[in-house]
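J.: Provided below are the primary sequence and the corresponding predicted coordinates.
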Amino acid sequence: MIEFQNVCIRAGDFQLNDVSFEVGSGEYAVLMGRTGRGKTTILESLCGLRRVQSGKIMIRGMDVTHWSPADREIGYVPQDLALFPTFSVAEHLQFALRLRRFHTTQIEHRVSELAEMLGITHLLKRQIEGLSGGESQRVALGRALSFRPTVLLLDEPLSALDAETREEIQTLLRTLTDNTGVTTLHITHNAAEATALADRRFHIVDGQVIEKSESQTQEAEELDSPTG
Amino acid sequence: MNKMLVVMLGSIVALGAMIWMLQSGSQRGNSTNTAGGDPTEPLMFFCAASNRAVMEKIVADYTEEYGREIELQYGGSQTLLSQLEVTGTGDLYLPADDSYLKIAKDKNLVSEMLPIAKMEVVVAVRKGNPKSIQTLDDLLREDVKLVQANPDATAVGKVTRRMLTESGQWDALDKGTTAYRTTVTEAANDLLVGAADAAIVYDAVLHTYPDLEFITLPEFAAGTSLVALGVTQQTRQPSAALHFARYVTARDRGLANYAEHGFQVEKGDVWSETPELNLFAGSMLRPAIEDTVKQFEKREGVRVNTVYNGCGILVAQMKAGQVPDAYFACDTEFMEQVPDLFPEPTDVSQNELVIIVKKGNPRQIAGLRDLTKEGLRVGIGHEKQCAMGWVTQNTFREGGVQQEVMENVTVQTPTGDMLVNQMRAGSLDAAVVYLSNTAGSGEFLDAVRIQGLDCSVATQPYAITPDSPNALTASRLFQQICSTDSQDSFTAEGFRWKLDTEPSADNE
Amino acid sequence: MSEPTPNRTAETKTKLKRRRSDLPFFLVMSGISSCFILLIVLLLAADLMFTSFEDFRAAVMKPEIQSAFRLTILSCTIAALLSIWVATPLGYLLSRYRFPGRLLIDTIVDIPIVLPPLVLGLSLLILFHLPIGGWELEAWLRDDIGFPVTYRWPAVILAQFSVSCAFAVRTMRVTFDQINPRAEDVARTLGCTRGQAFLQIALPQSWRGMIAATTIAWARALGEFGPILVFAGATRMRTEVLSTTVFLELSIGQLNAAVAVSLLMVVMAVVVLVVLRVLGTGLTS
């Protein structure tokens, strides 16, 4: 469903060459690697926020390499969440739907549906200032999923959370993706998350994306990160 | 998002409203029409800020009396000059002193300069002269803080430096000067706030400073400047601009205001809406100055009544009491006959006598001597009636042929034109006239030059009656007569231009 | 292993002693700051003592001053609004996008700030009167469009705008630099065009910056004098603004009137600054 074909991307100092991989429809893929190796870059090019030098990016079989981000129907949750400071929680959930000119009643329905799924109904009227880490994470997820995207991209969604909240969100992620069937690409450097969530595992090694099995992932993790 | 739209729209509405307010405000300002209801284009007047107090009153009076609006632009003299140069607009320019007008004239920005008042270089002190400053040495005292206006940027500074450099006292004064200010008013302001005890300024600047007084020093006696109003070259309304300029420099209008404000005003003309200038001119000058005078009338919006006649006749009229504003004589002899009327004439041009004969010179006249030939009918100018006649007699006498030629003289006329006509009619064989009289008659006359006799050349002087109520206007007419176009006129008519330099405004 | 040293004993006895105070810090900081505050206050006090209430009232009553006051308020506000309208998109472009010539544009925008004011005024004058093969901007505007600029009120606004916009662009650029561009990126993935992302996400976050930019622009326009004098002239009742009034009064030695008008300008400035500050905090609360 997501397919990278010989994609070359230049990002700052380094270069990703001949990145080729594919993630099937509905699969939960985890992308791992040391920080600064290009994981975010890959997400950004998938979104359309970064230009690729060569190669093709396919979503649902369509060549979207030159499409604008708005047309790609991708839900993106960046590492710093990038919530809209002047919007209320409800407005976050409504945003994508308003853009697509849904009817007010339809929007209300969807928003309450999402809020329930994410457990943030009690937060709808609040401004985002002062929300806890977990609450913000849920809002970001809700925003990304509001318009039922084909693809969901998560950039280190759990790294800023405490252990307990991490568990909660992890479960939430699993539930959400199972229920909606959205193809997910999840970036992390934590092997445990991969174990909990991943259907497929990819690693960035020397500017290339390589798929690994579960055991290979464990090995790689031990070699890569001294703390594990 | 809605809030944003509201603010954006609101700001556009506010913007529109304010622009409308400004536009309607300025329309109201623009529509001050003349009493007759027809809007005249206002005159644009670049005025030095230091003249503001007195000029505003004059402009108000003028607008009330004549309904024409004057747009006043204030600024520093140099800045105003730059604006004149860059924009190519502007009808009048009044700088702080006339050195700027000279610069403007060199740049061909200003054509007429009308004098207003004299300014002297003085030392300003606070009222009561607390530091008892009496002499130049007092200025150099330790306890006296002296400020001056910058000698490179201001006229008063320039004048002071020039004066004192000549007398060798500049260096001492320079050392004793605490500070140099960029304008003369800044120097005066320093005195007011107490930052200085003495300032070298123009006396005119101090008329708006009631708390200051001034002392004059003998060392500064040579330092005078003129406040003068310039009319621009590029003005699209020369008569209107000159009308106003004359108003400002009229002794019973603008100059009265200046005098009230403590200026040492110049004499000035008497105000008249359409002044009538009376000019007496020798008739031979007519072809040379006629067009110039017409152009002058047109540009200034004045009337010049020119009386052309033989100078002898003109002098008789003057002696009988008909005194013109200006007199342009055919020869200095006839100017010297009325010395009390015209104390300071200026020699303008020269015209030589020639002998005119029928084309082809059938009687073969080659010089004066040939005029004594038997049976020749010779015509000359009347000795008493015109300069030409008098010069002719001198020439005959010097040439030693007076008695013999006089025997051949059949007619003596008051003007050379009459002789030319008689030559054409055939009633004369030869005549002695001015070279200028022969202009245009080349088809049927030949001219024979009279060699070697200086007195055969007449010199034409111009003079203005000092008491004339239109003295300034007459002097502007003179400047017009001295313009290059006019000089060309003279030369084309056969005159030789004598006056070397461009005469200055103090040629009254 | 206890080898009691005198220090140690003293230490164990007096562990919780207040040794350091923050007082020196506050003294030094406020000392330095108050020098500047004091200077401004003294300047104002000196002005106040120089003039009297009668002078002030006499000056304010004059119709020319009132006309100048009206023109000042209108022109400064118009110039500030126009500045904000131009500075916001320009600041956004300079902040978000790397385009060829960006450095050049950046430098050009700063030129009015660095130029001496009289140079700016003269340049404006020359621009409007430069003959380009027989065609002149000012003549065309005046004759064909019926909208003369030089020596009229549009010249005042143009002169003010030239400088205040430069300041406004700087402020808006810094404002947008501080707004997380990721939010706009996310907005685009959610379906926004760049324009929508700008209008709906970036702009609302830049309120404070816009207020600050408007304040700076307004203040700069109020203080502008040199370019106005050269380009718009100082005609009473037509292009005289309060800053040129002070110059005109000074140039004939009317210090009292000059100071009175200066104080009027101070009052004006204070009022506007306070209003804008209240607006700024009010909007973001």
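T.: Cool, got the structure.
J.: using the three-state scheme, assign residue B:349.
T.: The three-state assignment at residue B:349 reads strand, by DSSP: H, G, I helix; E, B strand; the rest coil.
J.: contact residues of the stretch 51-200 of chain C facing chain B?
T.: On the criterion CB under 8 Å from any CB of the partner chain, chain B has as its neighbours in the stretch 51-200 of chain C the residues C:70-71, C:74-75, C:77-78, C:81-82, C:84-85, C:118, C:122, C:125-126, C:128-129, C:138, C:150-153, C:199-200. To be clear about C-beta, it is placed using only N, CA and C from the backbone, and glycine gets the same treatment.
J.: among the residues you listed, which are located in helices?
T.: Secondary structure assignment (DSSP state H) places C:70-71, C:74-75, C:77-78, C:81-82, C:84-85, C:118, C:122, C:125-126, C:128-129, C:138, C:153 from these within helices.
J.: select only the buried ones of these in ChimeraX?
T.: Burial among these is assessed by 16 or more other CB atoms under 10 Å in any protein chain shown; the matching ChimeraX selection reads:
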select /C:71,74,75,77,78,81,82,84,85,118,122,125,128,129,138,153
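J.: quick check: pLDDT value at residue A:112.
T.: pLDDT, residue A:112: 91.
J.: roughly how far apart are the residue nearest to it when sequence neighbours are not counted and residue C:51?
T.: Closest residue to residue A:112 in three dimensions, ignoring its sequence neighbours and counting by CB to CB, 6 or more residues apart in numbering or on different chains: residue A:121, at 7.0 Å. The gap separating residue A:121 from residue C:51 is 66 Å, by CB to CB, to the nearest Å.
J.: ok, those two, which is more surrounded?
T.: Neighbours around residue A:121 and residue C:51, counted as other CB atoms under 10 Å in any protein chain shown, are more numerous at residue C:51. The numbers are 19 against 14.
J.: chain neighbours aside, what residue packs nearest to the more buried one?
T.: Nearest residue to residue C:51 in three dimensions, chain neighbours excluded: residue C:259, at 4.5 Å (CB to CB, 6+ apart).
J.: quick check: next helix or strand after the least confident helix or strand in chain C by mean pLDDT?
T.: Every helix and strand in chain C was compared by mean pLDDT, DSSP states H and E; the lowest is helix C:6-13, with a mean of 54. For helix C:6-13, the succeeding helix or strand toward the C-terminus, using DSSP states H and E, is helix C:23-50.
J.: tell me the buried residues in that following helix?
T.: residue C:50.
J.: check whether the helix or strand harbouring residue B:25 comes near chain A.
T.: Per DSSP H and E: residue B:25 is located in helix B:2-30. No - applying CB under 8 Å from any CB, one finds helix B:2-30 out of contact with chain A, separated by at least 9.4 Å.
J.: now that helix: how far from the chain's centre is it?
T.: The offset between the C-alpha centroid of helix B:2-30 and the centroid of the whole chain comes to 51 Å, using CA atoms, centre = their mean, to the nearest Å.
J.: again, but for stretch B:445-459
T.: 33 Å.
J.: end-to-end on that stretch?
T.: Taking CA to CA, to the nearest Å, the span from the opening residue of stretch B:445-459 to its closing residue is 24 Å.
J.: may I see the buried residues of it?
T.: The neighbour-count check on stretch B:445-459 (16+ other CB under 10 Å) flags B:445-448, B:450, B:453, B:455-459 as buried.
J.: what lies in contact with that stretch?
T.: The set of residues that contact stretch B:445-459 without belonging to it, under CB atoms under 8 Å, 6 or more residues apart in numbering or on different chains, is B:330-332, B:347, B:349-361, B:365-368, B:387-388, B:391, B:394-395, B:398-399, B:420, B:423-424, B:434-435, B:438, B:498.
J.: just to revisit the earlier point, test for you: state the pLDDT assigned to the residue nearest to residue A:112.
T.: 90.
J.: that one touches residue A:111, doesn't it?
T.: No - taking contacts as CB atoms under 8 Å, residue A:121 lies outside contact range of residue A:111: 9.5 Å.
J.: one step back: of the contacts of stretch B:445-459, which belong to strands?
T.: Secondary-structure check on those using DSSP state E: residues within strands are B:347, B:349-358, B:434.
J.: how close does the residue nearest to residue C:230 when sequence neighbours are not counted sit to residue A:163?
T.: The spatial neighbour of residue C:230 that comes closest, neighbours along the chain excluded (CB to CB, 6+ apart), is residue C:121 at 3.2 Å. Noted for residue C:121: a distance of 67 Å to residue A:163, by CB to CB.
J.: now do residue B:137
T.: Residue B:137 sits at a distance of 94 Å from residue A:163 (criterion: CB to CB).
J.: for chain C, what lies in contact range of chain A?
T.: Proximity of chain C to chain A is confined to C:180, C:182-183, C:185-193, C:196, C:201, C:204-205 under the rule CB under 8 Å from any CB.
J.: looking at chain A, which helix is longest?
T.: The longest helix of chain A (DSSP H) is helix A:163-180.
J.: neighbouring strands for the helix or strand following that helix, and are they parallel or not?
T.: Counting by DSSP H and E, the next helix or strand C-terminal to helix A:163-180 is strand A:183-187. Looking at strand A:183-187 with DSSP bridges, its partner strands are strand A:28-32 (parallel), strand A:151-155 (parallel).
J.: the closest residue to chain A within the stretch 351-500 of chain B: neighbouring residues, count only.
T.: In the stretch 351-500 of chain B, the residue found nearest to chain A is residue B:484; the distance is 72.0 Å by CB to the nearest CB. A total of 9 residues lie near residue B:484 under the criterion other CB under 10 Å.
J.: measure it to residue B:491 for me?
T.: Per CB to CB, residue B:484 is found 10 Å from residue B:491.
J.: which residues in chain A form helices?
T.: If you assign secondary structure with DSSP H, the helices in chain A sit at A:39-47, A:89-99, A:104-118, A:133-145, A:163-180, A:191-197, A:214-224.
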